[in-house]
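Q: Next come a sequence and a model predicted from it.
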Amino acid sequence: MVMSMEQPQGYSQQQLALDQMFKDINPALSARQAGIESSRCYYCYDAPCVTACPSKINIPSFIASIHADDLTGAAKTIYSENILGGSCARVCPTEILCEQACVRNKEQEKAPVKIGLLQRHATDNAKFVGHPFKRADATCKTIAVVGAGPAGLSCAHRLALLGNEVEIFEAAEKPGGLNEYGIAKYKLTDNFAQKEVEFILGIGGITLHTNKALGKDISLSQLKEQFDAVFLAIGLQDVHSLMLVNEAHPQILNAVDYIKELRQASDISELDVPKDSAVVIGAGNTAIDMACQLKRLGTEEVTLVYRRGSEHMSATEHEQQIAKDHEVRIKTWARPEHINLKDDGSLKSLTFRKTYTEDGQLKDSEDSFEINCSAVFKAVGQKFAYPKAEQLIPTVSNGKIATFGQQVTSIDGVYAGGDCTGEGQDLTVEAVQQGKLAALAIHHQLNQEA
Amino acid sequence: MADLSIEFAGIKSPNPFWLASAPPTDKAYNVERAFEAGWGGVVWKTLGEDPAAVNVSSRYSAIYDHNGEVSGFNNIELITDRSLEINLKEIEAVKKAWPDRALVVSLMVPCEEESWKKIVKLVEQTGADGLELNFGCPHGMPERGMGAAVGQVPEYVEMVTRWCKTYSKLPVIVKLTPNITDIRFSARAAKRGGADAVSAINTINSITGIDLDKMSARPMVDGKSTHGGYCGPAVKPIALNMVAEIARDTETMGLPISGIGGISNWRDAAEFISLGSGSVQVCTAAMIYGFRIVTEMQQGLSNWMDSKGYKKISDFQGLAVPNTTDWKYLNMNYKVVADIDDDKCIGCGRCYIACEDTSHQAIDRKVREDGSVAFEVIEDKCVGCNLCQITCPVDSCIKMEQKDADKPYMNWTQDPRNPYKDAS
Ligand SMILES: Cc1cc2nc3c(=O)[nH]c(=O)nc-3n(C[C@H](O)[C@H](O)[C@H](O)COP(=O)(O)OP(=O)(O)OC[C@H]3O[C@@H](n4cnc5c(N)ncnc54)[C@H](O)[C@@H]3O)c2cc1C
Ligand SMILES: Cc1cc2nc3c(=O)[nH]c(=O)nc-3n(C[C@H](O)[C@H](O)[C@H](O)COP(=O)(O)O)c2cc1C
Ligand code: SF4
Ligand code: SF4
Ligand code: SF4
């Protein structure tokens, strides 16, 4: 991938200082480490890691290429299934995906091949002359992609590769979706998201429109009219609430919003960092990310509170360990009950009710406790919200866009993928895969008609 | 504790571990340190006539295993590049200081009687225990009519050996070159010339690899290279075979052999000894790890001998020779088939694809209900080739099990399927 090691232009001292604070959590392998690690791969036949990778990268093949000193070939193998292989290598919870399936877990050492780090080694160090893929002959079809997150970018890239023209409409100022605005800063360092977008668009045939929101600047019926097909990849826009009195208080914040601010900040002084104590509510990766980032920003005491046990948390064991490594206090079996304010109106504390389960039902106990804090971060899950002003609405089920195989929605010619659909887990690699599958389905559909 | 001492072709040594003639034995400083470390003997780096040889820079290259350890080593070095006088002086002093250790001196001079006569006399005066004739050096020297140029012609081997035996009372060990088609011919020649022993092997002509940027082999001397001599762990199988060939040849049977080639630990040494070697020589392992490795070699050999009840080296020396035979005497009625231990199998599928693509399609791949896979050997199709066992990464997961154990021994010369049965 065309990655320069130099800092992007316009980087200030403050930005560098902030980056330093959010150094790579999982440092890259050295060439020698990669050589040794690659030799640990057994080159399995019909490898289970491939089955476990949502984007179906041919893992034994790319690792064999690394071992044979062909990093460019390795990267090409990765990109041919997953054009966001660079960011996936950094953000995938490999411990529940490819690495979980590695046969070496079944040996006494129980040590899987470090697939994610090897993937990163290949994508970071490959040397392509130009873009690795050549576009097919023009199909003269144009497709609109709404949302420039992993799903939208993956779909656009594949469509362009197959010879189609693509226009991406993105509401935000920058492309990348949560790679740019959501992923913890220490997972994607050095402006990686933007470099990756640049690389993806390098294939050609993709026009990117930023600050163009569906439901505001454009409408679905317009797009349907102007394009041969539409792909919706608008992610999740809303967050769940705690349903508590005083929840609108300015010191009760949404973790996702705060992370976004942090990711965009060029100077730590731009951020309002709680000094003494903060509480994070939630049990997913966002909660963990939030808590760890607060620690790195200098918050003295960070307590993560979850209403069930640690075994029920959706954050993987690996993620929970990261939180522990950051000295985040994790309190389980408690739910927030009251938001307590001081006389001057500022936040004082949170009261929690202890919980337990009975026949699988979560119950309140007699006991409660209080944690003093100067800020509360809600990380209790994002939810889907279709743009309000839109007239044309695809069928929504279980709160997300319903798809009926091959990423097809209830509206003819409109496809959807990524977090905004009910398919798979809400992970970057899943979004990439759904974008890719949608592109293949769209291409197939358009050319069959022709 | 087992007694490791040996007497090899009349030369006594407290243990069978000798340093081969090479840089580790190039001068008194090294040899003294080697003796301090516990080496039983040394073969002094090959002496020649003055003026001394001159070496180039660089000289070594290597190939590595997956962990970055050296598996094959290559050099384009010549014999000693120090004067004869200095070497002889040092040899004399070292032998005086270490009377209990074996000190053999390696030699290589032009193929003329006078030259050999002169040098063996000089060496004899140092008090050294024996001579080793270097007929193996594959680079630099053959162009000058020495080293492998002699070792490759049995008549020359015999002739030079005889000269040395004529002019010296010292035991003569003939070091053989592996760069020949059949080692037995040179070994027989050495014996005919009166050699007290042979040592094998010297280095094998080799190019370890090409630098694809510079388009030249390594080691590079100002952008150019030449073939070097190969040694280290990678040559052990070749050396073992040559030792075995000499040990079981009717003409050379009983001739003492000093085993050389890729010996890195006690186990390698024990293997050479079981194929008939009376002493072993080490070069590359000492060059990579230093002299201290002899500690583990002695300890390992002794512990293993104790565990087997071998009291002295000769108790197991050559025991594997009678079990090394010609193909035609192998038992045609012996049959093994592979058996996969399902509990140990990690499901990598390597055995399956190896047998399926390149052997006998004798492994069945079954997908279980939970999506996992199981592998099972189809006994009727298995030819017992070992390929699956070799390819399986899990220790003792695939075992080769004997079938038809009741069938009597029958070799190829007795086999009704042999069309030339009557002739063989
Ligand atoms: C805090 C946080 C941390 C995470 N950490 C990880 C992690 O470590 N590993 C992992 O695998 N996954 C992680 N995820 C999940 C992962 O980021 C998502 O699954 C992935 O980004 C989904 O991709 P997407 O393209 O579907 O949506 P998004 O990345 O959300 O992209 C949607 C895009 O659509 C745009 N958009 C929205 N509405 C409109 C509109 N009306 N018009 C035009 N454009 C619109 C948005 O601006 C955005 O650019 C994390 C998520 C969060 C919130
Ligand atoms: C750098 C180097 C120089 C050598 N020089 C000589 C030599 O002068 N005379 C000789 O008989 N053998 C020489 N050899 C060969 C070794 O004595 C030995 O036969 C060979 O290396 C195989 O043993 P090994 O695998 O333990 O290294 C040399 C080997 C090396 C690596
Ligand atoms: S994309 Fe993610 S899950 Fe797939 S192989 Fe790479 S790191 Fe593993
Ligand atoms: S021993 Fe050979 S033939 Fe038999 S199963 Fe294994 S690979 Fe196949
Ligand atoms: S090679 Fe070994 S571990 Fe792999 S599938 Fe075969 S038996 Fe199982």
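A: Yep, that arrived. Ligands and ions are numbered 1, 2, ... in the order given.

Q: What is the three-state secondary structure of A:S349?
A: Three-state assignment for A:S349 (DSSP: H, G, I helix; E, B strand; the rest coil): strand.

Q: do the one 3 residues further on as well
A: Secondary structure state of A:F352, per three-state DSSP, is strand.

Q: Surely it is in contact with A:A334?
A: Yes: A:F352 is within contact range of A:A334, at 4.0 Å (criterion: Cβ atoms under 8 Å). C-beta coordinates here come from the backbone N, C-alpha and C atoms, glycine included.

Q: what do the two both touch?
A: Common contact partners of A:F352 and A:A334 (Cβ atoms under 8 Å, 6 or more residues apart in numbering or on different chains): A:305, A:369.

Q: ok, B:S258 to ligand 3 distance?
A: Going from B:S258 to ligand 3 by Cβ to the nearest ligand atom, to the nearest Å gives 54 Å.

Q: what sits opposite the residue lying closest to B:G223 once chain neighbours are set aside in the beta ladder?
A: Leaving aside its chain neighbours, B:G223 sits nearest to B:S216 (5.9 Å; criterion: Cβ to Cβ, 6 or more residues apart in numbering or on different chains). Assessed by DSSP bridges, B:S216 has beta-bridge partners B:D211.

Q: Spit out the contact partners of A:Q433.
A: Residues in contact with A:Q433, defined by Cβ under 8 Å, 6+ apart, are A:54-56, A:82, A:154, A:424.

Q: what helix or strand does it sit in?
A: In this structure, A:Q433 sits in helix A:428-449 according to DSSP states H and E.

Q: How about that helix and ligand 1, any contact?
A: Yes: against ligand 1, helix A:428-449 shows contacts by Cβ under 6 Å from any ligand atom at A:428-429, A:431.

Q: so of the contacts of A:Q433, which ones are in strands?
A: Among the contacts of A:Q433, DSSP state E puts none in strands.

Q: Can you say which two of those residues are spatially most distant?
A: A:N82 and A:G424 (14.3 Å; Cβ to Cβ).

Q: ok, back up a step: pick the one among the contacts of A:Q433 closest to ligand 1.
A: Closest to ligand 1 out of those is A:S154 (8.0 Å), distances taken as Cβ to the nearest ligand atom.

Q: What is the neighbour count of the residue of the stretch 151-300 of chain B found nearest ligand 3?
A: Distances between the stretch 151-300 of chain B and ligand 3 by Cβ to the nearest ligand atom are smallest at B:L212, namely 29.7 Å. Neighbour count for B:L212, taken as other Cβ atoms under 10 Å in any protein chain shown: 8.

Q: again with A:K275
A: A:K275 is flanked by 12 other residues according to other Cβ under 10 Å.

Q: Spit out the contact partners of it.
A: Contacts of A:K275 (Cβ under 8 Å, 6+ apart): A:298-300, A:374.

Q: gap between A:V197 and ligand 2?
A: Computed with Cβ to the nearest ligand atom, the distance linking A:V197 and ligand 2 is 55 Å.

Q: Can you tell me the closest non-neighbouring residue to that residue?
A: With Cβ to Cβ, 6+ apart as the criterion, A:V197 has its nearest non-adjacent residue at 4.8 Å, and that residue is A:P175.

Q: surely that neighbour meets A:P150?
A: No: applying Cβ under 8 Å, one finds A:P175 not in contact with A:P150, separated by 10.5 Å.

Q: okay, those two: which has more neighbours?
A: More crowded of A:P175 and A:P150, by other Cβ under 10 Å: A:P150, with 35 against 25.

Q: where's that one relative to A:Q264, distance?
A: The spacing between A:P150 and A:Q264, counted by Cβ to Cβ, to the nearest Å, is 18 Å.

Q: swap in A:Q407?
A: For A:Q407, the distance to A:Q264 - Cβ to Cβ - is 30 Å.

Q: quick one: which of these two has more around it?
A: A count of neighbours by other Cβ under 10 Å puts A:Q407 above the other of A:Q407 and A:Q264, at 28 against 12.

Q: Quick check: the gap between the more buried one and B:E271.
A: Distance of A:Q407 to B:E271, computed by Cβ to Cβ: 63 Å.

Q: which element is B:K96 on?
A: Going by DSSP H and E, B:K96 is part of helix B:84-97.

Q: Distance from the helix or strand that that helix is followed by to the middle of the chain?
A: Where DSSP H and E defines the elements, the next helix or strand beyond helix B:84-97 is strand B:102-107. Put simply, strand B:102-107 sits 18 Å off its chain's centre (Cα atoms, centre = their mean, to the nearest Å).

Q: For strand B:102-107, C-alpha coordinates in PDB please.
A: Coordinates of the C-alpha atoms in strand B:102-107 are reproduced here as PDB (Å, rounded to 0.1, in the frame of the first residue of the first chain):
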ATOM      1  CA  ALA B 102      45.200 -36.200  20.500                       C
ATOM      2  CA  LEU B 103      47.100 -33.900  18.200                       C
ATOM      3  CA  VAL B 104      46.900 -34.900  14.600                       C
ATOM      4  CA  VAL B 105      48.400 -32.700  11.900                       C
ATOM      5  CA  SER B 106      46.800 -32.200   8.500                       C
ATOM      6  CA  LEU B 107      49.000 -31.900   5.500                       C
END
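
Q: what is the orientation angle of it with helix B:84-97?
A: 170 degrees (axes from the mean of the first three to the mean of the last three Cα atoms, to 10 degrees).

Q: Name the strands paired with strand B:102-107 and say parallel or antiparallel.
A: Here, using DSSP bridges, strand B:102-107 pairs with strand B:41-47 (parallel), strand B:130-134 (parallel).

Q: so for whichever helix or strand comes after the shortest one, what's the average pLDDT?
A: When you say that, I think you mean strand B:130-134. The element immediately downstream of strand B:130-134 (helix or strand, assigned by DSSP H and E) is helix B:148-151. For helix B:148-151, the mean per-residue pLDDT is 77.

Q: Then stretch B:184-197?
A: The model assigns stretch B:184-197 a mean pLDDT of 98.

Q: list the buried ones in that stretch?
A: B:184-193, B:195-197 (16 or more other Cβ atoms under 10 Å in any protein chain shown).

Q: So which elements touch the helix or strand where B:D357 lies?
A: According to DSSP H and E, B:D357 maps onto helix B:350-358. With contacts defined as 3 or more Cβ pairs under 8 Å, 6 or more residues apart in numbering or on different chains; DSSP states H and E, helix B:350-358 has these neighbours: strand B:363-367, helix B:387-391.

Q: switch the cut-off to 10 Å
A: strand B:335-340, strand B:363-367, strand B:373-377, helix B:387-391 (3 or more Cβ pairs under 10 Å, 6 or more residues apart in numbering or on different chains; DSSP states H and E).

Q: Take the ones you listed and lay them out in TSV including distance to ligand 4, mean neighbour count and mean pLDDT.
A: Listed next are the helices and strands packed on helix B:350-358 as TSV, based on distance: least, Cβ to the nearest ligand atom, whole Å; neighbours: other Cβ atoms under 10 Å in any protein chain shown; pLDDT from 0 to 100:
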stretch	distance to ligand 4	mean neighbour count	mean pLDDT
strand B:335-340	4	19	97
strand B:363-367	5	15	96
strand B:373-377	5	17	96
helix B:387-391	3	19	98
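
Q: Which one of the ones you listed lies nearest to ligand 2?
A: helix B:387-391 (24.1 Å).

Q: in its sheet, what does the very next helix or strand once past the closest one sit against?
A: Scanning forward in sequence from helix B:387-391 by DSSP H and E, the next helix or strand is strand B:398-403. Applying DSSP bridges, strand B:398-403 is found paired with strand B:335-340 (antiparallel).
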